[in-house]
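# My questions are about this predicted structure, shown below with the sequence.
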Amino acid sequence: MRWIWLIIATLCLTTAQGSENPLDQAGRTFSRFIYSANDTDDTLSILAIERARLRSLGYVYLGRGAGARSLVVAPSQKFLFLAGSTPNIRGYSIDLVSGTLTPVPHSPFATTAVSKLAIDPFGRFLIAANSKGLFVYAIAENTGSLRLMNSIATEGISDVVVGRASIVYAVHSTQNLIDAYAVDPETDRLAELSGSPYETGLNPSRPTLDPFDRFLFVPNHDGNSVSAYTIDSKNGGLKEIPGSPFRAGHGPTTATTSRTGNFLYVSNVQDRTISQYSVNQTTGTLTSLTDSFSTGSSGAFDLVISPDNPLLFAADHDSNEVRALGIHTSGTLFNESLIRVRGSTISLAIASGTNPVTYAPEFVYECNVGSNDVWAYRVSSSTGALNPVVASPFKSGAGPTTMAAPLHSRFLFAANAQETSISAFVVSQNGALSAAPGSPFHVGRHLGALATDADAHFLYSTNPTSNTISAYRVSPSGGLVELSGSPFRSHGEKPQGAVVDPRGLVLYVANSGANSVSAYAITAATGTLTFIGAQPAGNEPTSLAVDRSGQFLYALNAAGGDVSPYRISGATGALSPPVSAPSGGAAAASAIESIPFGNRVYLTQPTQDTIAGYTIFGNTGTLKLLRNSPFAASGAPNAIDFDLSSHFAYTANSSDDSISVFLVSQKTGNLVPARIGPFQAGSHPMAVIVANQMK
């Protein structure tokens, strides 16, 4: 029966070879999310793929000492499995709309510590490899639960890959060998192939198969080379290709082929490069394309290919960054974008769907210090026009001056300065707000700003009169529980503005009385704050913004109307000294916001009825005033926010109690007043937030 299964799988493989991309056999697929296992932080970061750019959607805390090492997504795209240094395998259901993860029934599944996971291309079984052997788990088709079926004892396995014919190739890094096993589809038992094991170079590492199972490529970490093999289509056996091993850089660790199989990419962690090869489609022979591609300050511990775009994603371990690299038609690489993740990324996995990730503005919320309420509007995604949500406005506490919301907008929080409380709201599907259990939460301290991470693990409030920062855990129902040790000392007088970086790693606070910006590391398990340093700012910093990649921070100095730019450390989140003299200074400013899609920053200037816009250029984060900036506004705009597609901007106008809509030029960054509105707001609006629908 095992050989009948091999014949069937081989026929499927032969059919797949007629397509440019085997992933297209069941219809077009689009990469939607990347998941990053962060081995030093016990977290799993979730990233949205938006063409050649990435956006942080939040993270999952895995538990103390989890030591995430290996990720794999099932071919159905329904489940993700993760293994690390703890003796278990975690399974999650994937929401292909939002990217969020939910544990599958009975997860985590007990095992020994696992170094690598692999799934067969049909999603029937999961292979777990460790230093003691291989373990075969059956995957429940509907639930994703795992059931141990079989194991085989063999010493020193460091990595594993499974081919389309259900052949398992296991790498012995200390013995410089590859074992090959066939999996019986009825019993899930492993049987070693005749001729196995096969010799490799020194200290073989993460292997990869070409998309059609014709070739196997194995980086040899200590041999600075790549071993290449043809795969026997009848029995899965290996034969080393003439000329193998092929020369690579220093410390080759992981490899992947392009989606067409024409090119091979090998990450060299010691010299921080990626070797680029063309693959002879008949023989499998490798030819170096050009000089190795530099990955900058860190070597890539994992490489994954987009199923729909010519993109390679690299896990830059030491800099805590995931890079998106474009692929020329010649096969050579170029930089597209990068984004920071919460810890040292060691493994990546892509989840795909039937549509690419897109956003549309769904609701707009603004809070009013004069009428003590929050107004809610439904957005026309085609024009940006606003229509009041049923039952709006919604009562808050006395004097709401600022708001915060997670990226998925399940909750909305308003700081009520006059009664020192926080109103917590649950957002319904129609945009209406209802009070979270226990709201409002009386904090007993004068409130400055609120800040939360992308998926609302924690909420922070600055307290300028007591020079402290309060910290809260956000419950699944939207309620707040103050953390042990809160409030924390602010390490700067009169803390005002606050922002959490996109990856949820660091809280930044503007100290208006000390003319400085402080940085605090956020503990993933508890949300507690640890001071990691401060840098000088301009005169009276009151508002902060971080660019979407998490590389740069901008402090608005309210007294001078200028901006202090900082570069953020990828590894720690610490700030460099301001990279240039403060930018701007034309008028006193109220708020600063970074645009979600492009590399631009905007600040409101209410006394001048204008909005200043800057572009971020270079690798330092330096700002340059946009050509037509400042842009005319009206009604003394106090605050500004953009929808995630960056087509519309909304301002809260304090002098005429209105909300204005602007069209955003994708090419130039210019803001043009929309030919609609302004729309009526409450009395003296102070803040505005756009809630987005992810599609």
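Sure thing, it's come through. Residues are numbered from 1 along each chain as shown.
# Look at residue 500 and say how many residues are nearby.
Other residues near residue 500 come to 23 when the count uses other Cβ atoms under 10 Å. Every C-beta, even on glycine, is put in place using the N, C-alpha and C of the backbone.
# what's the answer for the one 10 residues further on, then?
Counted with other Cβ under 10 Å, residues neighbouring residue 510 total 32.
# and if you look at residue 607?
11.
# Contacts only, for the closest residue to it other than its chain neighbours.
If the residues on either side of it in the chain are set aside, residue 607 comes closest to residue 588, at 5.4 Å by Cβ to Cβ, 6 or more residues apart in numbering. If a contact means Cβ atoms under 8 Å, 6 or more residues apart in numbering, then residue 588 has 558-561, 605-607 as its contacts.
# bridging residues for residue 70?
Each beta-bridge partner of residue 70 is listed here: residue 83, as defined by DSSP bridges.
# wait, it sits on residue 80?
No. Because the distance of 11.1 Å does not satisfy Cβ atoms under 8 Å, residue 70 is recorded as not touching residue 80.
# And residue 422, how far from residue 106?
When Cβ to Cβ, to the nearest Å is the yardstick, residue 422 and residue 106 sit 38 Å from each other.
# who's more crowded, those two?
Each of residue 422 and residue 106 had its neighbours counted (other Cβ under 10 Å), and the higher figure belongs to residue 422 (25 against 14).
# For residue 404, see how far away that one is.
When distance is defined by Cβ to Cβ, residue 422 is 9 Å away from residue 404.
# Same question for residue 95.
Going from residue 95 to residue 404 by Cβ to Cβ gives 23 Å.
# Ok, residue 442 next?
If you measure residue 442 against residue 404 using Cβ to Cβ, the figure is 18 Å.
# The two: who's more crowded?
Set side by side, residue 442 and residue 404 show unequal neighbour counts under other Cβ under 10 Å, the larger going to residue 404 at 24 against 11.
# Could you check stretch 551-561 and say which residues are buried?
With burial defined by 16 or more other Cβ atoms under 10 Å, the residues of stretch 551-561 counted as buried are 551-558, 560-561.
# Tell me which of those residues fall in strands.
Among the buried residues of stretch 551-561, the members falling in strands (DSSP state E) are 552-557.
# Need these in JSON lines (columns: distance to residue 235).
Output for these, formatted as JSON lines (distance: Cβ to Cβ, whole Å):
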{"residue": "552", "distance to residue 235": "55"}
{"residue": "553", "distance to residue 235": "57"}
{"residue": "554", "distance to residue 235": "60"}
{"residue": "555", "distance to residue 235": "64"}
{"residue": "556", "distance to residue 235": "67"}
{"residue": "557", "distance to residue 235": "70"}
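# Whichever strand or helix holds residue 497 - contacts with which helices or strands?
If you go by DSSP states H and E, residue 497 is part of strand 495-500. Using 3 or more Cβ pairs under 8 Å, 6 or more residues apart in numbering; DSSP states H and E as the contact criterion, the neighbours of strand 495-500 among helices and strands are strand 450-452, strand 458-463, strand 468-474, strand 506-511, strand 541-546, strand 552-557.
# contact partners of that strand?
The set of residues that contact strand 495-500 without belonging to it, under Cβ under 8 Å, 6+ apart, is 448-454, 460-464, 467-469, 506-512, 518, 522, 541-546, 553, 555-556.
# Drop the exposed ones from those and show what's left.
Using 16+ other Cβ under 10 Å as the burial test, these include 448-454, 460-464, 467-469, 506-512, 518, 522, 541-546, 553, 555-556 as buried.
# what stretches of the stretch 451-600 of the chain score poorly on pLDDT?
Counting by pLDDT under 70, the stretch 451-600 of the chain contains low-confidence residues at 581-587.
# so what's the spatially closest residue to residue 283 that is not a sequence neighbour up against?
Nearest residue to residue 283, sequence neighbours excluded (Cβ to Cβ, 6+ apart): residue 241, at 6.4 Å. Neighbour list for residue 241: 215, 228-230, 283-285 [criterion: Cβ under 8 Å, 6+ apart].
# now with 10 Å?
If a contact means Cβ atoms under 10 Å, 6 or more residues apart in numbering, then residue 241 has 215-217, 227-230, 280, 283-286 as its contacts.
# Quickly list what's touching both of residue 422 and residue 404.
Overlap between the contact sets of residue 422 and residue 404, as judged by Cβ under 10 Å, 6+ apart, is given by 413-415, 450, 459, 461.
# Tell me the one of the residues you listed nearest residue 327?
Distance to residue 327, by Cβ to Cβ, is smallest for residue 459 among those, at 41.1 Å.
# Quick check: the gap between the closest one and residue 687.
With distances taken as Cβ to Cβ, residue 459 is found 15 Å from residue 687.
# Domains in this protein, by residue range?
2-353, 359-694 (automatic domain parsing).
# And the ones you listed, which one averages the lowest pLDDT?
Ranked on mean pLDDT, the bottom entry among the domains of the chain is domain 2-353, at a mean of 90.
# With adjacent residues omitted, what lies nearest to residue 677?
Closest residue to residue 677 in three dimensions, ignoring its sequence neighbours and counting by Cβ to Cβ, 6+ apart: residue 661, at 5.2 Å.
# check contacts around that neighbour.
Counted by Cβ under 10 Å, 6+ apart, residue 661 has contacts 364, 379-380, 383-386, 648-651, 673-679.
# Could you do residue 516 as well?
For residue 516, the residues meeting the contact criterion (Cβ under 10 Å, 6+ apart) are 491-493, 495, 509-510, 534-537, 541, 555, 564.
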